[in-house]
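1. for reference, the sequence and a predicted model appear below.
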Amino acid sequence: MDDAEQSHLVEPGTNMQCTKPMAHAVIRQSKKRDRSGENFKKRWRTLAKTLSELHHDYDAEFHLSMSRKQRNYICESRKGFLPLQASDIDTCYPRAIYITVAKREETNKS
């Protein structure tokens, strides 16, 4: 082989030479298993821990309920603590701070 033919056999950035051109291998990636359930439970535990710290540090009362795939998750600052009814939220004083996901996303954009 002359130098022109050997130049394609030299790996760039190395002194190694290939004895023959390498064929591209088809690599099949195995389908990753769905970890969304595990990830959700981990985030749920982290959220519950954070709420617990808020309760202990600032004496805050809370009731958080969440639903995922027909399963309900409830976290309370104390057993039996129930939040205000929807009709009572507008009449309580001081006014409740009510945040929805859409409102939070608008706040993060600005």
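-> Everything's here; your move. Residues are numbered from 1 along each chain as shown.

2. which one's the longest helix in this protein?
-> helix 36-58 (DSSP state H).

3. tell me which strands and helices that one is in contact with?
-> Helices and strands touching helix 36-58, by 3 or more CB pairs under 8 Å, 6 or more residues apart in numbering; DSSP states H and E, are strand 63-68, strand 71-76. Glycine gets a C-beta too; all of them are placed from N, C-alpha and C.

4. how about those strands, which one is nearest residue 101?
-> strand 63-68 (12.0 Å; CB to CB).

5. give me the secondary structure label for residue 92.
-> Classification of residue 92 using DSSP: H, G, I helix; E, B strand; the rest coil returns coil.

6. burial of the residue nearest to it when sequence neighbours are not counted, as a residue count?
-> The spatially closest residue to residue 92, leaving aside those adjacent along the chain, is residue 84, at 6.1 Å (CB to CB, 6 or more residues apart in numbering). For residue 84, the neighbour count with other CB atoms under 10 Å is 12.

7. ok so, going back, what residues sit buried inside the longest helix of the chain?
-> residue 51 (16 or more other CB atoms under 10 Å).

8. the bottom helix or strand of the protein by mean pLDDT?
-> helix 3-6 (a mean of 51; mean pLDDT, DSSP states H and E).

9. okay, now the unreliable bits of this protein?
-> Applying pLDDT under 70 to the chain flags the ranges 1-27, 89, 93, 96, 98, 103-110.

10. ok, back up a step: what angle do strand 63-68 and the longest helix of the chain make with each other?
-> Orientation check (axes from the mean of the first three to the mean of the last three CA atoms, to 10 degrees): helix 36-58 against strand 63-68 gives 170 degrees.

11. could you check the angle helix 36-58 makes with strand 71-76?
-> Using the same axes, to 10 degrees: helix 36-58 against strand 71-76 is 10 degrees.
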